[in-house]
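>>> can't give you the sequence, but here's the structure:
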């Protein structure tokens, strides 16, 4: 059932070391890539249909092709390892257990669009991933897979780790670029897009860790192999991070398009304590919530978009009966209020208002009209800010209120939360 | 957010940045076309040595990188990992975001607060432990989780938390990490 591409080496002892990676055929794809022209590489990745695994799902090869061939300023690759979307924990595993796959993918990508310097931006809390990636970079440099004249190809590339320092917004590509330049992580207005004006003013590609880790495999096995694993335009496998009330939460590599019901009830063994399912957040905290009637959906970009939600980062949060949805909504809003960078008024002001109103609803001080007020604030945020952080709050909050409205209203009418404290794994039977 | 330039934030005497930190910083600066870009990793290095970032440290960084002090203060105040108040000897940070809260993280937060007799964001009176509630730590498949002195503790229960607190009190945490 599970398809192992990115996770194939995870179980090996020393999987993160160069010797282990090379033993398994590591850096062969880089050799192969350097014998081809950059345009050939871009065509292969385009043909594979590899879409960005960070959340937006933009085709990686197409992104690379937007970078101008000739540029007065140096071009850069920024590798996004700022994994911070609540529910998401996939890139951390690749960084810890197979960092050379990221480096090889980053090197092939850099060669394809002509970058000679790349930065791997890793969230600062990830001490072990930072250590593993830095050690792997040193090993790769030592072995001649990075540095000047890589494998006698005449191509030079350096890659460095850039640690973040605790700001969710830096996962947004232009905020990441600002942070990589040593600034506050405040997103930039687009256009110009990073492919034209990015890091240090040069053409820049920002790719997610997981996205780049597929690239060596695509070079080795061909684009048809990759595209065939999954529905049309949704090729390959995906690292799904399942958390919440399932029997076996964790990281699973599955084909794109695997049905959500199958993931919950077969891959993860079903609901904890065999309770009823109440809701699922399908792609990280920013994606609109699904009800049990909506889980017969295939987990790929296009299928989820069709039912009004998003594939996001593949972070599936499973919620059992008895869970208070307004409590979750209030907690999520508090998170986005904390993480708003403060640049755009609708987000800076609106998101904390949502958080305050939902907090009073949950705590029994909600007023009639509060829910409509929240929906109105959502309308006033969505689409009216520089980056999608405001949307990332407005969209899931709106979906929670619309789909579980009666529950929110009960909180207001009864002047309190009808659910008890959140049940815990240590005092329930499973 | 407190004013990062305020000297009321904590004891703020003269500081000495050691040779090891200076050498590490010089290496980091070489990785960027402009020194300013090294600001985040440099602040991390200084904080690794001092445990926090007093104003005198920010001034030192500004001078070292040739940046206006205001630029360094502004960046420092934006990122939650840069500590502008002197933390305790040990730091406990528990995630209460969605996946962790579904599995009881708020109970654990209250449990720790009660045991330490402080609120999230505070430091114990003896200056040993700073405790805080934080946002998603990217470990949701093994929720609930907390960071203790930069090490992840996963699939927490009250017993596991008690065990960590006991070890912290005995300064014997080395064996406890599960990464």
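Perfect, I can see it now. Computed from a predicted structure; not experimentally measured.
>>> isn't residue A:166 right next to residue B:83, touching?
No: assessed by C-beta atoms under 8 Å, residue A:166 is found out of contact with residue B:83, at 10.2 Å. C-beta: built from backbone N, CA, C; applies to glycine.
>>> what's residue B:108 in contact with, if anything?
Taking C-beta atoms under 8 Å, 6 or more residues apart in numbering or on different chains, we find residue B:108 in contact with B:94, B:144, B:146, B:156, B:158, B:161.
>>> What helix or strand is the first one located in?
According to DSSP states H and E, residue B:94 maps onto strand B:90-95.
>>> and that strand, average pLDDT?
Strand B:90-95 shows an average pLDDT of 96 in the prediction.
>>> Residue of the stretch 1-150 of chain A nearest chain B, please.
Residue nearest to chain B within the stretch 1-150 of chain A (C-beta to the nearest C-beta): residue A:86, separated by 4.0 Å.
>>> Quick one: residues contacting that residue.
Going by C-beta under 8 Å, 6+ apart, residue A:86 touches A:284-285, A:315, A:317, A:332, A:335, B:97-99, B:135-136, B:140.
>>> before we move on, what about residue B:43?
With contacts taken as C-beta under 8 Å, 6+ apart, residue B:43 has the following neighbours: A:165, B:53, B:61, B:72, B:75-76, B:82.
>>> Keep only those of those that are in helices.
Among the contacts of residue B:43, the ones falling in helices (DSSP state H) are B:61, B:72, B:75-76.
>>> Show the model's pLDDT score for the nearest residue to residue A:171 once chain neighbours are set aside.
Closest residue to residue A:171 apart from its sequence neighbours, by C-beta to C-beta, 6 or more residues apart in numbering or on different chains: residue A:82 at 4.3 Å. If you check residue A:82, the pLDDT there is 97.
>>> just checking, residue B:18 touches residue B:48?
No: in this structure, residue B:18 sits apart from residue B:48 without contact. The criterion is C-beta under 8 Å, and the distance is 10.8 Å.
>>> Between the two, which contacts overlap?
Between them, residue B:18 and residue B:48 share no contacting residue under C-beta under 8 Å, 6+ apart.
>>> on that earlier part again, redo the ones in helices among the contacts of residue B:43 as a markdown table? Include neighbour count.
Below are these laid out as a markdown table (neighbours: other C-beta atoms under 10 Å in any protein chain shown):
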| residue | neighbour count |
| --- | --- |
| B:61 | 24 |
| B:72 | 28 |
| B:75 | 24 |
| B:76 | 25 |
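>>> May I have the distance across stretch A:78-92, first residue to last?
The distance separating the two terminal residues of stretch A:78-92, taken as C-alpha to C-alpha, to the nearest Å, comes to 17 Å.
>>> Pull out the buried positions in it.
Residues of stretch A:78-92 classed as buried: A:78-92 (neighbour count, 16 or more other C-beta atoms under 10 Å in any protein chain shown).
>>> Which of those fall within strands?
A:78-81 (DSSP state E).
>>> Filter the contacts of residue B:108 down to the buried ones.
Of the members of the contacts of residue B:108, the ones counted as buried by neighbours, 16+ other C-beta under 10 Å, are B:94, B:144, B:146, B:156, B:158, B:161.
>>> mind checking pLDDT for the residue of chain B most remote from its centre?
When distances are taken from the C-alpha mean of chain B, residue B:33 lies farthest, 28.5 Å away, according to C-alpha atoms, centre = their mean. According to the model's per-residue confidence, residue B:33 sits at a pLDDT of 98.
>>> What's the local residue count around residue 143?
Here I'm looking at chain A. Per other C-beta atoms under 10 Å in any protein chain shown, the neighbour tally for residue A:143 reads 15.
>>> Oops, wrong one, chain B.
When neighbours are defined as other C-beta under 10 Å, residue B:143 has 28 of them.
>>> wait, what's in contact with it?
By C-beta under 8 Å, 6+ apart, the residues touching residue B:143 are A:243, A:249, B:95, B:99-100, B:102-103, B:105, B:154-155.
>>> Could I get those in JSON lines, plus columns for distance to residue A:280?
Conversion of the contacts of residue B:143 to JSON lines gives the following (distance: C-beta to C-beta, whole Å):
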{"residue": "A:243", "distance to residue A:280": "11"}
{"residue": "A:249", "distance to residue A:280": "13"}
{"residue": "B:95", "distance to residue A:280": "20"}
{"residue": "B:99", "distance to residue A:280": "12"}
{"residue": "B:100", "distance to residue A:280": "17"}
{"residue": "B:102", "distance to residue A:280": "12"}
{"residue": "B:103", "distance to residue A:280": "16"}
{"residue": "B:105", "distance to residue A:280": "20"}
{"residue": "B:154", "distance to residue A:280": "22"}
{"residue": "B:155", "distance to residue A:280": "22"}
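>>> In ChimeraX, select just the buried ones from the residues you listed.
The following ChimeraX line selects those of the contacts of residue B:143 that are buried, judged by 16+ other C-beta under 10 Å:
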select /A:243,249 /B:95,99,100,102,103,105,154
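>>> Got the domain ranges for chain B?
Under automatic domain parsing, the residue ranges defining each domain of chain B are B:7-78, B:90-171.
>>> just to revisit the earlier point, from the buried ones among the contacts of residue B:108, pick out the ones that also neighbour chain A.
The residues of the buried ones among the contacts of residue B:108 that also fall near chain A, by C-beta under 8 Å from any C-beta of the partner chain, are residue B:158.
>>> Out of the buried ones among the contacts of residue B:108, the closest to chain A would be?
Within the buried ones among the contacts of residue B:108, the smallest distance to chain A is 6.5 Å, found for residue B:158 (C-beta to the nearest C-beta).
>>> so the closest one makes contact with residue B:112?
No: in this structure, residue B:158 is not within contact of residue B:112 by C-beta under 8 Å, at 9.3 Å.
>>> Output the longest strand belonging to chain A.
Using DSSP E, we find that the single longest strand of chain A is strand A:237-244.
>>> Which is the succeeding secondary structure element to that strand?
Scanning the chain past strand A:237-244 towards its C-terminal end, the next helix or strand to appear is strand A:250-255 (assignment: DSSP H and E).
>>> Which neighbours in the sheet does the very next helix or strand once past that next one have, and how are they oriented?
Per DSSP H and E, the first helix or strand lying C-terminal to strand A:250-255 is strand A:258-259. Paired strands of strand A:258-259, with direction, are strand A:298-299 (antiparallel) (DSSP bridges).
>>> before we move on, the earlier item: counting neighbours, which of the contacts of residue A:86 comes out on top?
Taking other C-beta under 10 Å to define a neighbour, the member of the contacts of residue A:86 with the most is residue B:140, carrying 34 neighbours.
>>> ok, now how distant is that one from chain A?
4 Å (C-beta to the nearest C-beta, to the nearest Å).
>>> wait, isn't that residue in contact with residue A:241?
Yes: taking contacts as C-beta under 8 Å, residue B:140 lies within contact range of residue A:241: 6.2 Å.
>>> got any ranges where chain B has weak pLDDT?
When residues are selected by pLDDT under 70, those of chain B lie in B:1-12, B:172-179.
>>> One more: the stretch 301-430 of chain A?
Applying pLDDT under 70 to the stretch 301-430 of chain A flags residues A:428-430.
>>> Relative to chain B, which residue of it is the closest?
For the stretch 301-430 of chain A, the residue closest to chain B is residue A:424, as judged by C-beta to the nearest C-beta, at 3.3 Å.
>>> from memory that residue sits against residue B:110, does it?
No: judged on C-beta under 8 Å, residue A:424 makes no contact with residue B:110 at a distance of 11.5 Å.
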